[in-house]
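Trainee: fold the following, please.
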Amino acid sequence: MTAITFSTLLFALGIGTTLTFMSSHWLLAWMGLEISTLAILPLMARHHHPRAVEATTKYFLIQATAAAVLLFASTTNAWISGHWDIQQTDHPLPLTLLTLALALKIGLAPLHSWQPEVLQGLELNTGVILATWQKLAPFAIFTQIQTPNSLLLIALGIASIFIGGWGGLNQTQLRKVLAYSSIAHLGWMILVLQYSHSLALLALLLYIVVTYATFTMFSIQTVTSMKALFALGAKNPILTTLLPLLLLSLASLPPLTGFLAKLLILKELTKQGLAPTAALAIMGTLLSAFFYVRLSIATTLTLAPNTTTATAPWRLSSSRLTMPLSISSMLAIALLPLPPTLLAVLTY
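Mentor: Residues are numbered from 1 along each chain as shown. Prediction:
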């Protein structure tokens, strides 16, 4: 793939997401989603590996199905109410269909099964786009929909938290672990979405920062499985020290960045009289915390079965661009004091 083609696809990806952000009309928002989907497909299959082609085909079929349901539901809403405004979607039938279509697009449980398989077939640089950027446009539509019936979103959120934690327990492939991590984090955002849009957006932004840093770390080290984590200490001791902090930030352990978002979500759920829901969410998070801690132990406290006699790679100069990793890692670890300020900005 040439540089011009690659730049054009990235530009189309940004244009599609921006169009959805700026749209209050269902048809324009749907067009933005489709532009984003069509732009990422060549990026996913650019290496022509059979596994990548299979993942691209699965992603295309799933996204086409979700887009068809979304267009059908928005058309049904226009037929019932006589308008195409996203914020005036209030009939139960199209509202339920739209919620399920968007849940399928971003990979909420129980409509999640495509996400680990698709992410496993992609290289890490493309996988980070699928795990972060592609969540923005559907989430922007979620924030505009008025949801008088909260039971569906609560059910999707709780199911995503538990399935995301349970599914990642027996995984040894890091891309599948990050896929189930994405499902679990999206469950937290969906839980609080109907009560505080700004808090849900804050959780999404913090998730994107931490996930981008983790994907970049794995990409620089060319690590894709838990077995490869055993030898990571001999390759680069500095990044080996940094990686557990990123994983524990994904696990939302204090005093790392990921802790405050879930703390504020729990506070909001309790204030809304949903203490049992908050308790279930905490118990589901314990499942996710287990496999994050397991990866951290595999990185720091486990040695490879054999030692290398070659020159340590961390002593050699590297041509990889590490500035994005430095900035994102710093934000993923030490951003804890700033989320209240960010929440105030988003609320304003």
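Trainee: could you list the low-pLDDT ranges of the stretch 1-150 of the chain?
Mentor: 147-149 (pLDDT under 70).
Trainee: dump the residue contacts of Leu202.
Mentor: Listed by CB atoms under 8 Å, 6 or more residues apart in numbering, the contact partners of Leu202 are Ala261, Leu264, Pro339, Leu342, Leu343, Leu346. (C-beta placed from N, C-alpha, C; glycine too.)
Trainee: once you drop chain neighbours, what's closest to the fifth one?
Mentor: Counting by CB to CB, 6 or more residues apart in numbering, the nearest residue to Leu343 once its immediate chain neighbours are dropped is Leu202, at 5.1 Å.
Trainee: am I right that the one you found is in a helix?
Mentor: Yes. Under DSSP: H, G, I helix; E, B strand; the rest coil, Leu202 falls within a helix.
Trainee: for Val223, see how far away Ile163 is.
Mentor: 25 Å (CB to CB, to the nearest Å).
Trainee: give me the pLDDT value at the closest residue in space to Thr132 that isn't next to it in sequence.
Mentor: In this structure, Thr132 finds its nearest non-sequential neighbour in Ile208, 4.5 Å apart by CB to CB, 6+ apart. With respect to pLDDT, Ile208 has a value of 92.
Trainee: quickly note the distance from Ile208 to Ala64.
Mentor: The gap separating Ile208 from Ala64 is 25 Å, by CB to CB.
Trainee: of those two, who's got more company?
Mentor: The residue with more neighbours, out of Ile208 and Ala64, is Ile208; 19 against 12, by other CB atoms under 10 Å.
Trainee: wait, is that one part of a helix?
Mentor: Yes. Ile208: assigned to a helix according to three-state DSSP.
Trainee: my guess is it contacts Gln134. True?
Mentor: No. Using CB atoms under 8 Å, Ile208 is not in contact with Gln134; the gap is 10.9 Å.
Trainee: quick one, domains of the protein?
Mentor: Annotated domains of the chain cover 1-122, 150-305+321-348 [automatic domain parsing].
Trainee: can you spell out which helices and strands pack onto the longest helix belonging to the chain?
Mentor: Counting by DSSP state H, the longest helix found in the chain is helix 50-81. Contacts defined by 3 or more CB pairs under 8 Å, 6 or more residues apart in numbering; DSSP states H and E place helix 50-81 against helix 26-44, helix 92-106, helix 114-120.
Trainee: what packs against the shortest one?
Mentor: In other words, helix 114-120. Partner elements for helix 114-120 (3+ CB pairs under 8 Å, 6+ apart): helix 50-81, helix 124-131, helix 174-193.
Trainee: and the ones you listed, which is most packed in?
Mentor: Among the helices and strands packed on helix 114-120, helix 174-193 has the highest mean neighbour count (mean count of other CB atoms under 10 Å), at a mean of 26.
Trainee: how far out from the middle of the chain is it?
Mentor: Mean-position distance between helix 174-193 and its chain equals 6 Å (CA atoms, centre = their mean, to the nearest Å).
Trainee: now for that helix, which elements pack on it?
Mentor: For helix 174-193, the packing partners by 3+ CB pairs under 8 Å, 6+ apart are helix 114-120, helix 124-131, helix 136-144, helix 151-167, helix 197-221, helix 257-271, helix 275-300.
Trainee: reformat the ones you listed as TSV; add distance to Ile4.
Mentor: Output for the helices and strands packed on helix 174-193, formatted as TSV (distance: least, CB to CB, whole Å):
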stretch	distance to Ile4
helix 114-120	27
helix 124-131	18
helix 136-144	25
helix 151-167	38
helix 197-221	23
helix 257-271	37
helix 275-300	38
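Trainee: out of those, the one nearest Ala45 is which?
Mentor: With distances scored as CB to CB, the stretch of the helices and strands packed on helix 174-193 nearest to Ala45 is helix 124-131 (9.3 Å).
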